[in-house]
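*Asks:* return atomic coordinates for the entry below.
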Amino acid sequence: MTPLEMLREHPFLAGLPAQWLPRLDGYARPVVWHPGHRLFRAGQPAERFWLVRGGEVALDFPVPGRGDVGIETIGPGGVLGWSWLFPPYRWQFGAVAVRRTTTVEFTAEGVRRLMAADDRLGRELTTRFMAVVVDRLQASRVRLLDLYGYPTSSAS
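*Replies:* Numbers count the residues shown, from 1 in each chain. Down below sits the predicted model:
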């Protein structure tokens, strides 16, 4: 399967105008990780992002005195990485492959250029990535409350 076919199948890109996918494909490539492979750590430069096709990647963040604490697991159909979109382009979390994981990897700089050149594409991708940011921040909040023994509530 080609990267373009992978893009057409991924839920994150569902509904995008067909003419945008070949442009994104120019910055995409398939990547496979094996269990235990650390993709990145919080604070490192964020130069890529991924659409997960298969497997699992665990997100974590450093907590003083506790080491890396898991937040959530990203599986097939998920998106890994949003820090590449916002200066200073540094990872806010870390990530480790839990199982053999197949992805489509994007070069962030190229995608940022596409987004800057096409306002509609830029708005659409930013909106989709903001939904990922909100999900990750909510998962982090719940995990920290759990870690420190505070009751969680489903009310927001």
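
*Asks:* quick one: find the helix or strand in the chain with the lowest mean pLDDT.
*Replies:* Here the helix or strand of the chain ranked lowest by mean pLDDT, DSSP states H and E is helix 119-147, holding a mean of 78.

*Asks:* specify the beta-bridge partners of the residue positioned nearest the centre of the chain.
*Replies:* Central residue of the chain (CA atoms, centre = their mean): Leu80, 1.8 Å from the mean position. Judged by DSSP bridges, the bridge partners of Leu80 are Trp50.

*Asks:* hang on, isn't it packed against Ile74?
*Replies:* Yes. If you go by CB atoms under 8 Å, Leu80 and Ile74 touch, sitting 5.4 Å apart. Glycine gets a C-beta too; all of them are placed from N, C-alpha and C.

*Asks:* between those two, which contacts overlap?
*Replies:* Common neighbours of Leu80 and Ile74 (criterion: CB atoms under 8 Å, 6 or more residues apart in numbering): Val52, Val57, Leu59, Ala95.

*Asks:* residues contacting the helix or strand that contains Val32, please?
*Replies:* Counting by DSSP states H and E, the element that carries Val32 is strand 28-33. Under the contact criterion CB under 8 Å, 6+ apart, strand 28-33 has outside partners 3-4, 6-7, 39, 50, 55, 57, 97, 100-106.

*Asks:* inside strands: which ones of the residues you listed?
*Replies:* Under the assignment DSSP state E, the contacts of strand 28-33 contribute Leu39, Trp50, Val57, Ala97, Thr101, Thr102, Thr103, Val104, Glu105, Phe106 to strands.

*Asks:* quick one: contacts for the closest residue to Thr107 other than its chain neighbours?
*Replies:* Nearest residue to Thr107, sequence neighbours excluded (CB to CB, 6 or more residues apart in numbering): Tyr27, at 4.5 Å. Residues counted as contacts of Tyr27 (CB under 8 Å, 6+ apart) are Phe106, Thr107, Gly110, Val111, Leu114.

*Asks:* need the buried ones from these selected in PyMOL.
*Replies:* Here is the PyMOL command that selects the buried residues among those (16 or more other CB atoms under 10 Å):
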select buried, resi 106+107+111+114
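
*Asks:* format the contacts of Tyr27 as a markdown table; extra columns: pLDDT and distance to Pro87.
*Replies:* Shown next, in a markdown table, are those (pLDDT from 0 to 100; distance: CB to CB, whole Å):
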| residue | pLDDT | distance to Pro87 |
| --- | --- | --- |
| Phe106 | 97 | 18 |
| Thr107 | 97 | 17 |
| Gly110 | 97 | 17 |
| Val111 | 97 | 15 |
| Leu114 | 96 | 17 |
